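Enquirer: Give me a model of this one.
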Amino acid sequence: MNKLKRSLTFLLSIIALTANLATADSSQPTPISQQTDEQTRARIHTELGAAYFSRGQYTVALEELHNALSADNNYAPAYGVMGLVYMELHEDKPAESNFRRAMELAPGESEIHNNYGWFLCTRNKYDDAMTQFNIALSNPLYSAPEHALTNAGICSLQANKPDIAQGYFEKSLKYQPNQAQALTKLAQLYYQQGRLLEARTLIDRFFDNNKPTPEALWLGIRLARKQNNKDAEASFSLQLRRMFADSPETQLLLQGKYD
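Expert: The predicted structure follows:
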């Protein structure tokens, strides 16, 4: 799974979004019990589309999303998920137009702004991306601000602004202390600053609450080497080789390129 797909694992709360998002004529979410038959069909097809998307079945996902919009062509979540599908397919024009339509229909939905911001970030439009993340975070009712905070941190790293990134990751962990990418990215920054004990605390928390990733294991290996913890180094190294034999991190390990 490539780096973008790993990012999407946590930053998409699509299914929850489709359950009760507002449509064109409402500024507030519509409870499921009050949805029209058209909205219900649109929601179900959108949920199916999101599920197929998460499995990488993009053609079927698009079919379900078109079915959703046939039922209700003002159903914002369908446009939002369609934007994500086209983003993964690297079809930027339809991705952009679908994200914009979703925001037009549901301007107060933070997760759509967050996902659009991530799209912009992956296209190296860092300033525009940060604008979208900040719009998402300006909503006091945003139920998952750690999503946008972590994405803003990653985007800041890509824009070569590690100090700003660090602030976003630290804020993200205040909302969700076990957020996987924020833990890994912040631990990496602390490691680079020589703050080894703090980096160790974060990476230990990561492994206590999340499944291993190549990035986290590789950082664990390098931290263990710095701290002369041969048992931890050997354990992390074994896991990396066994679980992620083809990863770039494993290749670095085999080549002895620790820093």
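Enquirer: distance of the nearest residue to Asn124 once chain neighbours are set aside from Tyr126?
Expert: Excluding its sequence neighbours, the residue lying closest to Asn124 (Cβ to Cβ, 6 or more residues apart in numbering) is Gln158, at 7.6 Å. Any C-beta I mention is one placed from the backbone N, CA and C, and that applies to glycine too. Distance, Gln158 to Tyr126, using Cβ to Cβ, to the nearest Å: 7 Å.
Enquirer: cool, and Asn210?
Expert: Asn210 sits 27 Å away from Tyr126, taking Cβ to Cβ as the criterion.
Enquirer: what helix or strand does His66 sit in?
Expert: Using DSSP states H and E, His66 sits in helix 58-71.
Enquirer: so what secondary structure elements neighbour the helix or strand following that helix?
Expert: For helix 58-71, the following helix or strand on the C-terminal side (DSSP H and E) is helix 76-88. Judged by 3 or more Cβ pairs under 8 Å, 6 or more residues apart in numbering; DSSP states H and E, the packing partners of helix 76-88 are helix 3-11, helix 14-20, helix 37-54, helix 58-71, helix 92-105, helix 110-122.
Enquirer: Packing partners of the fifth one?
Expert: In this case it means helix 92-105. Using 3+ Cβ pairs under 8 Å, 6+ apart, helix 92-105 sits against helix 76-88, helix 110-122.
Enquirer: Next, the buried residues of it.
Expert: Ala95, Glu96, Asn98, Phe99, Arg101, Ala102, Met103, Leu105 (16 or more other Cβ atoms under 10 Å).
Enquirer: ok so, going back, report the contact partners of the residue nearest to Asn124.
Expert: When contacts are counted by Cβ atoms under 8 Å, 6 or more residues apart in numbering, Gln158 touches Cys121, Asn124, Tyr126.
Enquirer: Can you turn the buried part of the residues you listed into a PyMOL selection?
Expert: In PyMOL syntax, the buried subset of those is picked out as below (16+ other Cβ under 10 Å):
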select buried, resi 121+126
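Enquirer: Same list, the contacts of Gln158, but as a markdown table with pLDDT and distance to Ala245 please.
Expert: Converted to a markdown table, the contacts of Gln158 look like this (pLDDT from 0 to 100; distance: Cβ to Cβ, whole Å):
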| residue | pLDDT | distance to Ala245 |
| --- | --- | --- |
| Cys121 | 97 | 30 |
| Asn124 | 97 | 31 |
| Tyr126 | 97 | 34 |
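Enquirer: and the contacts of Gln158 as TSV, adding distance to His113?
Expert: Listed next are the contacts of Gln158 as TSV, based on distance: Cβ to Cβ, whole Å:
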residue	distance to His113
Cys121	12
Asn124	19
Tyr126	15
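Enquirer: shaky segments in the stretch 1-150 of the chain?
Expert: Counting by pLDDT under 70, the stretch 1-150 of the chain shows low-confidence ranges at 1-33.
Enquirer: can you rerun that using 50?
Expert: 1-12, 15-16, 19-27 (pLDDT under 50).
Enquirer: wait, Tyr75 sits on Ile44?
Expert: No: applying Cβ atoms under 8 Å, one finds Tyr75 not in contact with Ile44, separated by 10.8 Å.
Enquirer: which residues are in contact with both of the two?
Expert: Shared contacts of Tyr75 and Ile44, defined by Cβ under 8 Å, 6+ apart, are found at Ala68.
Enquirer: higher neighbour count, the two?
Expert: Tyr75 (27 against 15; other Cβ atoms under 10 Å).
Enquirer: Contact partners for that one?
Expert: Thr23, Gln39, Ala42, Arg43, Thr46, Ala68, Leu69, Leu105.
Enquirer: Check the burial of the residue nearest to the last one when sequence neighbours are not counted by counting its neighbours.
Expert: Okay, so that is Leu105. Spatially, and ignoring its direct neighbours in sequence, Leu105 is nearest to Ala76 (3.8 Å; Cβ to Cβ, 6+ apart). When neighbours are counted by other Cβ under 10 Å, Ala76 registers 25.
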